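**Student:** have a look at this prediction, sequence included:
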Amino acid sequence: MADRKPPSATQQQDDLGTSTLPLPKDADLEFVGKFIIESRRNLREVSIAVEGFDDYTVGSGALESVQRFFHTTKANAAALYLKWIERLAHEAEALLEQAHDGEISWRGPCAEAVFQTLYMMEHLLAEAESGLSGRKMRRPGGYAELLQQLSRMSGGDLESAVPSSPQPQAGREPATSGVSGALQESPSSPGEMTRPPISVPAEKLDRLLEVIGEMVTKRSAILQNPLFRRPENADLGRQMSQISKLVQESHQLTMSLRMVRLKRVFAQVSRYVRDLSVRTGKSVVIETIGEQIEVDRGVADSLGDPLLHLVRNAVDHGIETPEERERSGKPLSATIRLSAAIVDGNIRIELRDDGRGLDRNRILSKAVTSGFVAPNALLGDQEVLRLIFAPGFSTATKVTSLSGRGVGLDAVRRSVESMRGRITVTSLPGGGCTFQLLIPPALAVIDGMLVRVGNERYIVPSATVLEVLRPRRSDVGQLGGKVEFAMVRNKALPLIPVSEAFGAPEAGDPLCGLWLVTGSGEEACVLLVDELLDRNEFVVKPLGSSVGKIRGISGTTVLGDGTVCLILDIGETISLVRREGEHRHA
Amino acid sequence: MSQSASVTTTLHFLTFCVGTREYAVNAIEVDQVLVPQPVTRLPHTPAYVLGVITQRGQVMPVIDLRRRLGLPPAEPTRETSMIAIRTKGLAGSLLVDRITGFISVAPQDVSFENVAGNDSLVAAIALPTGSPKGVLNLQRLMTIHEETPRPSL
């Protein structure tokens, strides 16, 4: 911790001395644009959070949120070669970390410097934006001074810090405009400018899709009206079917507005891995699988940050140097595998590296010394690994410009949770580790089976069902007079009556119903339902803001007759019935 | 709720009966009054949550106000109605015994006071004329949690 210092003075010289810079040639304009939009939004939020900075008490989370902002901004700016922003964020983060650790007081000069940094960020983002339209980016007045001041302050020198005038920038303002007078227009003509993406509030798109989804449902109801089949109504029928086609088309169009391929996220990650590989001198190959999968735009947008964080960690900490790899008999080149799949209606993203894996003992001892767990605590492997997601936890022994400040995995967990997702990690010591993100599709169409259970109807995601069977008497296994398991191809599988999970009235006889075989291997079991009514595509709707999460239910859909039907979360449904069973036996 | 004088906008309330008492909701928060419609039961929720319906493409819960306010459930009559509410990001529908009307009141004629012992679901609204009516705290009333929350890991 003590030897934390900005990388070196020489590094500062390279392009921080120049007062104008073009946007790097290989910068991806789309990502820079996205970065600017996102950073502005975050900057607004953070500025609100620090407004009460003088009343800040440790633990309120305000300081952490600013720290996270700088950390994320640093990482993203680094990936996009926005050096000025990266550098400023790095310094500010270093300062805040000391304030966080209580090594320096965050009050007064420190808080003031943070305000100035946020203010400077705004300018830098504006410059990056003008860089987007082909102009050179100008270094805002006072930038170098602020940078030096931040690094002096993290060095513990608070006295010489800020001239306490509230607007220290004011005097330098003319200099800035002087530069802007000498502003060089790049030769590219305005015609070549990329059209900036339009940012539409997601709620509006959602509402549009809801309304059109409703039209689709109503349309099916109308089309089934026998009136249209009468010969005298042939004209009306034709017109109706034309309208119906238009409705269908607008539905697809609206859906497509929100659906994007994962490719653009994966491409961003791949590019970043290549860049990291160059910078760290570690040879890393990235493989991507499933980038053609389409996900909701909101999900795709929110996935970028956590994935970038994870690959940065993997390359920086997980993957060994070529020499180390050679010693342990591994291929010199490390492989990171990024894969996506739709599992049980959820998007499953896996990031696997073949590095050294997580060191259970090191995590545990670090957790003990940092006071995360009691010295004598008995923790399972999974519990120990989960510690890496705790706020402020880091096992990194040195800080690099890439990572090691311990806000990373906490930030990753938070962003995954904000997508209502889950993140888990598994590790093979010496063999690498795998992060798994399970994210519900914010909005999607699922292929589902409409089933009857008692007098209620539910939808089972088709993807979870391997087989539909009509049982024979000999297929039922009994334990103590009660039907407990189902024989499928000579294997005894647990029999799960769906009615038990939801207290549905009039549970059916295991022999009169249908069996849906789900899961494989250890996880395999048989769901008991009464009848299969339909198999179709259903538009998934959320349960609504007034209702929290309901166990066993992943969402709803509206059926052709206008009633709401619940979509089952098969994993949760099974564990609900199992728990019931345990209670009974206990 | 402050009675800062200069504001003279009239307040509008939809009034209705639940059991023997009369209640009111601010008309701004009312989306539509519906004829009761088939409800899909929502498992693992308290008994006062009858289930969910769809209203203008949105899925929303239906709350039986009788049970929510601690009264025994009643057979639906011709007068039973659903009031679809949309407020501050919450959407839901209230099942009430009977719609009684619509009142307009000058803000200075209204005074709110909390009715103790009612879990602050209701605040009383005293009117210069007529009997006092209960104004519902919709935020509290409509936020639904699972009956037995799963222990967090």
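**Tutor:** Structure received. Residues are numbered from 1 along each chain as shown, chains lettered A, B, ... in the order given.
**Student:** contacts, neighbours, all on C-alpha from now
**Tutor:** Noted.
**Student:** output the lowest mean pLDDT helix or strand found in the chain.
**Tutor:** Using chain A here. helix A:173-181 (a mean of 34; mean pLDDT, DSSP states H and E).
**Student:** actually, chain B is the one I wanted.
**Tutor:** Sorting the helices and strands of chain B by mean pLDDT, DSSP H and E puts strand B:111-114 at the bottom, at a mean of 62.
**Student:** tell me, how many neighbours does the residue nearest to B:Met142 when sequence neighbours are not counted end up with?
**Tutor:** Distance criterion C-alpha to C-alpha, 6 or more residues apart in numbering or on different chains; nearest residue to B:Met142, sequence neighbours excluded, is A:Ser546 at 6.1 Å. Neighbour count of A:Ser546, defined by other C-alpha atoms under 10 Å in any protein chain shown: 20.
**Student:** with the one 3 residues further on instead?
**Tutor:** By the criterion of other C-alpha under 10 Å, A:Lys549 has 17 neighbours.
**Student:** separation between it and B:Thr40?
**Tutor:** 16 Å (C-alpha to C-alpha, to the nearest Å).
**Student:** tell me who's in contact with the residue in the stretch 51-200 of chain A positioned nearest to chain B.
**Tutor:** Per C-alpha to the nearest C-alpha, A:Val200 is where the stretch 51-200 of chain A lies closest to chain B, at 18.7 Å. By C-alpha atoms under 8 Å, 6 or more residues apart in numbering or on different chains, A:Val200 lies in contact with nothing.
**Student:** that older thread, looking at it, the residue nearest to B:Met142 is touching B:Pro61, isn't it?
**Tutor:** Yes: A:Ser546 lies in contact with B:Pro61 (C-alpha atoms under 8 Å); the separation is 7.4 Å.
**Student:** now for these two: what residues contact both?
**Tutor:** Residues touching both A:Ser546 and B:Pro61 (C-alpha under 8 Å, 6+ apart): B:Ala91, B:Gly92.
**Student:** before we move on, the earlier item: and the gap between the residue nearest to B:Met142 and A:Leu205?
**Tutor:** For A:Ser546 relative to A:Leu205 (C-alpha to C-alpha), the value is 20 Å.
**Student:** next one: phi and psi at the closest residue to A:Met259 other than its chain neighbours?
**Tutor:** Counting by C-alpha to C-alpha, 6+ apart, the nearest residue to A:Met259 once its immediate chain neighbours are dropped is A:Asp296, at 4.4 Å. Main-chain torsions, A:Asp296, degrees, to the nearest 10: phi -60, psi 140.
**Student:** let me know how buried A:Asp296 is, in neighbour terms.
**Tutor:** For A:Asp296, the count of nearby residues is 20 (other C-alpha under 10 Å).
**Student:** separation between it and A:Gly329?
**Tutor:** Where A:Gly329 is concerned, A:Asp296 sits at a distance of 42 Å (C-alpha to C-alpha).
**Student:** how about B:Thr54?
**Tutor:** Taking C-alpha to C-alpha, one finds B:Thr54 at 61 Å from A:Gly329.
**Student:** more neighbours: those two, which one.
**Tutor:** Counted by other C-alpha under 10 Å, B:Thr54 and A:Gly329 do not tie: B:Thr54 has more neighbours, with 23 against 9.
**Student:** mind listing what the more buried one touches?
**Tutor:** A:Val558, A:Gly562, A:Thr563, A:Val564, B:Met60.
**Student:** at 7 Å what do you get?
**Tutor:** Applying C-alpha atoms under 7 Å, 6 or more residues apart in numbering or on different chains to B:Thr54 gives the contacts A:Thr563, A:Val564, B:Met60.
**Student:** A:Ala486: what secondary structure?
**Tutor:** strand (DSSP: H, G, I helix; E, B strand; the rest coil).
**Student:** would you mind naming what in chain B lies close to chain A?
**Tutor:** By the rule C-alpha under 7 Å from any C-alpha of the partner chain, the part of chain B lying against chain A is B:38, B:40, B:43-44, B:52-54, B:57-60, B:89-91, B:142-146.
**Student:** let's see that with 8 Å instead.
**Tutor:** B:38-40, B:43-44, B:52-54, B:56-61, B:89-92, B:142-146 (C-alpha under 8 Å from any C-alpha of the partner chain).
**Student:** tell me the mean pLDDT over stretch A:239-249?
**Tutor:** On average, the pLDDT along stretch A:239-249 is 85.
**Student:** now the strand or helix carrying A:Asp301: buried residues?
**Tutor:** For A:Asp301, the element it lies in under DSSP states H and E is helix A:297-313. With burial defined by 16 or more other C-alpha atoms under 10 Å in any protein chain shown, the residues of helix A:297-313 counted as buried are A:297-301, A:303-313.
**Student:** now swap in stretch A:566-575 and tell me
**Tutor:** Residues of stretch A:566-575 classed as buried: A:Leu566, A:Ile567, A:Leu568, A:Asp569, A:Ile570, A:Glu572, A:Thr573, A:Ile574 (neighbour count, 16+ other C-alpha under 10 Å).
**Student:** tell me how far the residue nearest to the second one when sequence neighbours are not counted lies from A:Phe538.
**Tutor:** Think A:Ile567. Distance criterion C-alpha to C-alpha, 6+ apart; nearest residue to A:Ile567, sequence neighbours excluded, is A:Ile459 at 4.6 Å. The gap separating A:Ile459 from A:Phe538 is 9 Å, by C-alpha to C-alpha.
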